[in-house]
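[1] after the sequence you'll find the predicted model.
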Amino acid sequence: MNFRSVTALTVFAFLGHAGLQSAKSQTLPQFSAPIDCLSGPSCFLQNMMDIDLTKGRLDPLCGQATYNGHKGTDIRVRSFLEMNEGVAVLAMADGVVLRARDGADDKLVETKADFAAVKGRECGNGVVIDHGSAGYDGWSSQSCHLAKGSLLVKPGDMVTRGQPIGRVGLSGSTQFPHVHVTIRKDGKVRDLLTNLQAGEGCDAQSANSLFSKSAWADMMSRNVPLMDYGFADGAVDGKTLLKNDVERPTTNTPLVFYAKFINLRKGDEVVLEIRNEDGVYASSAGKPLTKHQATYTAFAGRKTPGVAGKIYSASVKLLRGGNVEYQKDGIEIQF
């Protein structure tokens, strides 16, 4: 029954049911996490929604962790290694599957030809769920970039909160393994973190988040700059780390320490250092960044191999505005 079409007398007669249902329907959704970061590999909050209507960009928390025109939230895993382990994409609330697509290949989009090949299918393999059955009338979620052949649901299926619907992949327009989530209310895109629409400014406090309190806390714990670090036998870059092509150093190879960051800001500085019992073995202090960097990899080291029996301890420091924004010490290797 559509209660909006019945008479006031009828509504009064059904007040005990309709009143509760109406209140439930008008409550903001409390979505759970769209990806299983608790029982599987570590996840990171990479890109947020762009709420700036101009050619500029502004994320909903008043930062720059987005790109022009981005209409959702990207939660990534570190590399292909974690993706291949299998990371579940989850239903964020009860609902019914409206649309689903599978069959798109898992492939990095790197060239103009790659982008052209996925035009019109940028979401890749994905699922759209209507959450009216959870009491969230008019609200839907869309999950994109699922792994080929991983979808576990089809249109018409009822799903429950936290139910696996597929796995994180590389389908569609993707440059790293992640799930992209777009939330809509009555067909209009709203930001998952703040419930803002594009053009409504930003909210660093996020008082009206569409996440449940526990999901919000979990996502914020993943909004960190340092994503990967370790020792290698030579210079590394972001693509090498993404593809897990890093070799561990030996007493016959150079000794290098690397750190990979996400969402660095203009002016940020990265400082790396390796020490042993004799003092500083190698260090690197980069110049302030001249622009925002969605991903950034730095390294420091020597061509001279490490000495057997010695302990080498590395540290990484991120400076923002001259202050320490993030620091990790005591990363050790011994030959």
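    Received, thanks.

[2] which SS state does the spatially closest residue to residue 103 that is not a sequence neighbour fall under?
    Residue nearest to residue 103 in three dimensions, not counting chain neighbours: residue 148, with 6.6 Å by CB to CB, 6 or more residues apart in numbering. Placement of C-beta: from N, CA and C, glycine included. Going by DSSP: H, G, I helix; E, B strand; the rest coil, the secondary structure assigned to residue 148 is coil.

[3] ok, so what distance separates residue 206 from residue 48?
    According to CB to CB, to the nearest Å, residue 206 and residue 48 sit 11 Å apart.

[4] which one of the two has more residues nearby?
    The neighbour comparison of residue 206 against residue 48 (other CB atoms under 10 Å) goes to residue 48, with 27 against 20.

[5] leaving out chain neighbours, which residue sits closest to residue 317?
    For residue 317, the spatially nearest residue (CB to CB, 6+ apart) is residue 271, at 4.3 Å.

[6] the one you found against residue 319, yeah?
    Yes - here residue 271 reaches residue 319: they are 6.6 Å apart, a contact under CB atoms under 8 Å.

[7] could you grab the helix/strand/coil label for the residue nearest to residue 317?
    Using three-state DSSP, the structure places residue 271 in strand.

[8] residue contacts, it?
    Residues near residue 271 by CB atoms under 8 Å, 6 or more residues apart in numbering: 283, 284, 285, 286, 316, 317, 318, 319.

[9] ok, now residue 231?
    Contacts for residue 231 (CB under 8 Å, 6+ apart) come out as 248, 249, 255, 256, 257, 258, 312, 314, 331, 333.

[10] just give me the neighbour total for residue 114.
    When neighbours are counted by other CB under 10 Å, residue 114 registers 14.

[11] could you give the mean pLDDT of the helix or strand where it lies?
    Per DSSP states H and E, residue 114 falls inside helix 112-117. Mean pLDDT, helix 112-117: 94.

[12] buried ones in that helix?
    Under the neighbour-count criterion of 16 or more other CB atoms under 10 Å, helix 112-117 has nothing buried.

[13] and for stretch 114-134?
    For stretch 114-134, by 16+ other CB under 10 Å, it's 118, 122, 123, 124, 125, 126, 127, 128, 129, 130, 131, 134.

[14] what does stretch 86-93 give?
    Of the residues in stretch 86-93, 87, 88, 89, 90, 91, 92, 93 count as buried by neighbour count, 16+ other CB under 10 Å.

[15] what distance do you get for the nearest residue to residue 270 once chain neighbours are set aside to residue 331?
    Residue nearest to residue 270 in three dimensions, not counting chain neighbours: residue 298, with 4.6 Å by CB to CB, 6+ apart. Look at residue 298 and residue 331: by CB to CB, they are 14 Å apart.

[16] the residue nearest the centre of the chain in helix, strand or coil?
    Per CA atoms, centre = their mean, the C-alpha nearest to the average position across the chain is that of residue 75, at 1.8 Å. What three-state DSSP gives for residue 75 is strand.

[17] could you do residue 217 as well?
    Secondary structure, three-state DSSP: residue 217 is helix.

[18] just residue 280 next, same as before
    Following three-state DSSP, we place residue 280 in the strand state.

[19] so what's it closest to, chain neighbours aside?
    In space, residue 280 is closest to residue 273, 6.3 Å off (CB to CB, 6+ apart).

[20] before we move on, what about residue 211?
    residue 31 (5.6 Å).

[21] ok, how many other residues are close to the one you found?
    Residue 31 is flanked by 24 other residues according to other CB under 10 Å.

[22] hmm, it is touching residue 213, no?
    No - with contact defined as CB under 8 Å, residue 31 does not reach residue 213; the gap is 11.4 Å.

[23] circling back: any common contacting residues for residue 206 and residue 48?
    60, 61, 193.

[24] how about residue 230, secondary structure?
    Under three-state DSSP, residue 230 falls in the strand class.

[25] near it, how many other residues are there?
    Neighbour count for residue 230, taken as other CB under 10 Å: 17.

[26] for it, which non-adjacent residue is spatially closest?
    Spatial nearest neighbour of residue 230, excluding adjacent residues (CB to CB, 6+ apart): residue 258 at 6.4 Å.

[27] if we can go back for a sec, so what's the residue nearest to residue 280 bridging to?
    Residues in a beta bridge with residue 273, per DSSP bridges, are residue 283, residue 315.

[28] please renumber so the chain begins at 506
    Got it, first residue is 506 now, which makes that one residue 778.

[29] quick check: it touching residue 784?
    No - the criterion here is CB under 8 Å, and residue 778 misses it with residue 784 at 10.4 Å.

[30] more neighbours: the two, which one.
    With neighbours defined as other CB under 10 Å, residue 778 and residue 784 compare such that residue 778 has more, 18 against 6.
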